[in-house]
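Chemist: My questions are about this predicted structure, shown below with the sequence.
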Amino acid sequence: MTASSTHPKHHHGAKGLWIRARFWVVAVGMGMIAAAAITALCAWLLIRSAPSWWNTVHTATPQSENVGREIENAVVNQLHAQRPPGEVWSVALTQDDANDWLSTRLVKWLQNRDNSVDWSTTIQRAAISFKPGSITLGLSIRTDRADDGHVLTLELIPSIDEQGRLWLLASELAIGRLPLPLGMVASDSGLLRSFLPRGVDDGAGAVLTALAGKEPLAQRAAAKLGDNRTVRLTALEVRDGRIDLTCTTEPAAPR
């Protein structure tokens, strides 16, 4: 009698334990799903939000087109000016002037370099911010017609080393207000590659490799002029609201 009376209690106790265990499994599973949903929602909101600096920089005005054209002309005049051999000269570019050029001339400049790529449907807006030692570049990019654009932000640290090589290292990467791992900069399946329009040549890969710090952006920070003179960038300094560039013009090599 005693043995037979304890069996049902044992059965009901085991059943109760199983019900409680199943309840906790379901509760934990639902909690994980809710946490994942909240995380995804927060990430989506951060991605869709513009970074705080984006709306504080100078935006295009009716005069921006003229300013952008004047900047291009000034650059050409400075580069081609007749100077004594080895003379050191410098030029400064303000943040506002840079943003006037970006807002009105960047897409045209890219199209002139390669008219097989339609940058006008990809880049909605470009903006730049100069801070001591670093440059923050933002691009509002549309990846397809249904996309109303995401703000991609890169914080860049430019430098020239003792060998005269130009480096442009990405120190921060974000989409909207969501920070992203820097490993996404140059990987074959990286984020930046996914934003590039179809038809971009392999040169983009070299730029991404440079941003990752694996190679310099240019082995020699210099530009060859039409008369065989060479303008060499010898130093640069990013200040608050402007960048200062120091150059020398080297004479044409004798033939």
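Modeler: Looks like it came in fine.

Chemist: which stretches of the stretch 1-150 of the chain form strands?
Modeler: 88-94, 123-131, 134-141, 150-160 (DSSP state E, counting those that start in this stretch).

Chemist: Who are the packing partners of whatever helix or strand residue 232 lives in?
Modeler: Taking DSSP states H and E as the criterion, residue 232 maps to strand 230-239. Under the contact definition 3 or more CB pairs under 8 Å, 6 or more residues apart in numbering; DSSP states H and E, strand 230-239 sits against strand 123-131, strand 150-160, strand 222-224, strand 242-250. Just so you know, the C-beta spots here come from the backbone N, C-alpha and C atoms, and that holds for glycine as well.

Chemist: picking up where we left off before, and of the strands of the stretch 1-150 of the chain, who's closest to residue 226?
Modeler: Checking the strands of the stretch 1-150 of the chain against residue 226 by CB to CB gives strand 88-94 as the closest, at 18.8 Å.

Chemist: Run the angle between that closest one and strand 123-131 for me.
Modeler: 120 degrees (axes from the mean of the first three to the mean of the last three CA atoms, to 10 degrees).

Chemist: which neighbours does strand 88-94 have in its sheet, and in what orientation?
Modeler: Each strand that pairs with strand 88-94, with its direction, by DSSP bridges: strand 242-250 (antiparallel).

Chemist: Tell me the buried residues in the strand it pairs with?
Modeler: 243, 245, 247, 248, 249, 250 (16 or more other CB atoms under 10 Å).

Chemist: okay, it in PDB with CA atoms only?
Modeler: The C-alpha coordinates for strand 242-250 follow below in PDB (Å, rounded to 0.1, in the frame of the first residue of the first chain):
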ATOM      1  CA  ARG A 242      40.900  74.500 -42.200                       C
ATOM      2  CA  ILE A 243      43.800  72.500 -43.700                       C
ATOM      3  CA  ASP A 244      47.200  74.000 -44.400                       C
ATOM      4  CA  LEU A 245      49.300  72.500 -47.200                       C
ATOM      5  CA  THR A 246      53.000  73.100 -47.800                       C
ATOM      6  CA  CYS A 247      54.500  72.500 -51.200                       C
ATOM      7  CA  THR A 248      57.600  72.900 -53.300                       C
ATOM      8  CA  THR A 249      57.800  73.200 -57.100                       C
ATOM      9  CA  GLU A 250      60.700  71.300 -58.600                       C
END
